[in-house]
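> Below: sequence and its predicted model.
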Amino acid sequence: VILVGQYDSFPTRRVAMVLHHYGMPFVRDARSVFGDAAGIGRINPLVRIPALVLDDGEVLIETAAILDHLDEIAGARALVPRAGVERRRILQQAALAQGTGEKAGAVAYERHFHPPEARSAAWEGRCLGQVAAGLAALEAGLSGPWAMGGALTHGDFAIFCTLGYLRLRLSEALPAGRFPRLEALETAMGGLPEVQAAAISADEAMP
Ligand SMILES: N[C@@H](CCC(=O)N[C@@H](CS)C(=O)NCC(=O)O)C(=O)O
């Protein structure tokens with residue numbers, strides 16, 4: 001199994017952490033989605049990461065679809081139950097975290113690809129508002145000690161990776177003390193071996 005993508009991509013890092021959590025061996029293809037767009041495009045026609053190349057060559061794209069496959073293999077150890085209200089809640093919490101990260105990504109791209117005079121303040125402001133609202137909703141929805149209470153779920157990894165991305169690319173969205181429960185979760189998650197195994201190395205940054 002090959003995980004394609006750099007760890008400064010929050011969904012790629014999330015897939016890596018879940019692979020580590022399940023104890024599923026994999027190797028990395030850490031080419032940059034921007035630096036080697038042609039190469040990534042040969043794996044995923046959308047030229048996006050993460051992608052997961054299975055041992056028979058089948059390629060999976062889209063975080064939720066990749067994790068769905070990993071959950072199926074994990075069986076009873078899956079980070080989300082197979083059905084029911086808990087499943088819905090966990091997947092919705094993860095969707096909120098993923099969406100918050102994607103809106104932060106939109107700001108980062110706007111700033112990366114456009115010189116200041118060509119940026120849309122209206123678009124940037126809209127995205128920043130969506131990021132702030134997403135973070136507030138995540139904070140309000142947290143249980144404890146983990147995101148959904150007593151056990152780790154996909155919500156924890158999704159939230160942690162989005163927070164990590166914000167710290168890297170949009171730290172202004174995370175002023176110290178504004179989201180105390182998210183900060184506590186981040187600290188607790190940072191001690192997990194599967195999280196430490198997917199640290200962002202210095203050479204894994206856009207582009
Ligand atoms: N919804 C997708 C989002 C994937 C995504 O946007 N990945 C970013 C990196 S974090 C990417 O590949 N960006 C390059 C581009 O969109 O051109 C998923 O979860 O897999």
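Done, it's in. On a predicted model such as this, the values are computed, not experimentally measured, just so you know.

> I'd say Ile61 and Ala51 touch.
Yes - checked against C-beta atoms under 8 Å, the pair Ile61 and Ala51 is within contact range at 5.1 Å. To be clear about C-beta, it is placed using only N, CA and C from the backbone, and glycine gets the same treatment.

> Which neighbours do the two have in common?
Taking C-beta atoms under 8 Å, 6 or more residues apart in numbering as the criterion, Ile61 and Ala51 both touch Asn44.

> List the contacts of Val4.
Contact analysis of Val4 by C-beta under 8 Å, 6+ apart lists Thr12, Arg28, Asp29, Arg31, Ile40, Ile43, Asn44, Ile49, Pro50, Ala51, Leu52, Val53.

> Could you measure from the closest residue in space to the fourth one that isn't next to it in sequence over to Val107?
Spatially, and ignoring its direct neighbours in sequence, Arg31 is nearest to Gly39 (5.4 Å; C-beta to C-beta, 6 or more residues apart in numbering). Gly39 sits at a distance of 26 Å from Val107 (criterion: C-beta to C-beta, to the nearest Å).

> The two - which one has more neighbours?
Neighbour comparison, Gly39 and Val107: the larger count goes to Val107, with 23 against 14 (by other C-beta atoms under 10 Å).

> rewinding a little: quick check: the gap between the residue nearest to Arg31 and Leu182.
Gly39 is 35 Å from Leu182, by C-beta to C-beta.

> For the chain, which segments are assigned as strands?
If DSSP state E is used as the criterion, the strands of the chain fall at 2-4, 27-29, 51-53, 59-61.

> mind checking how far the residue nearest to Arg31 is from the ligand?
From Gly39 across to the ligand, the span is 13 Å (C-beta to the nearest ligand atom, to the nearest Å).

> Same check on Ala197?
Distance, Ala197 to the ligand, by C-beta to the nearest ligand atom: 19 Å.

> The residue lying closest to that residue once chain neighbours are set aside: neighbouring residues, count only.
In this structure, Ala197 finds its nearest non-sequential neighbour in His20, 4.6 Å apart by C-beta to C-beta, 6+ apart. When neighbours are counted by other C-beta under 10 Å, His20 registers 19.

> same question, Ala122
By other C-beta under 10 Å, the residues close to Ala122 number 8.

> Ile61 and Ala51: which is more packed in?
Looking at Ile61 and Ala51 with other C-beta under 10 Å, you find the greater number of neighbours at Ala51, namely 22 against 16.

> Pretty sure the more buried one sits against Pro45.
No - contact status for Ala51 versus Pro45: not in contact, 10.3 Å apart, counting by C-beta under 8 Å.

> got the contact list for the residue lying farthest from the centre of the chain?
The centre of the chain is farthest from one residue, Glu117, which by C-alpha atoms, centre = their mean lies 30.2 Å away. Under the criterion of C-beta under 8 Å, 6+ apart, Glu117 has no neighbours.
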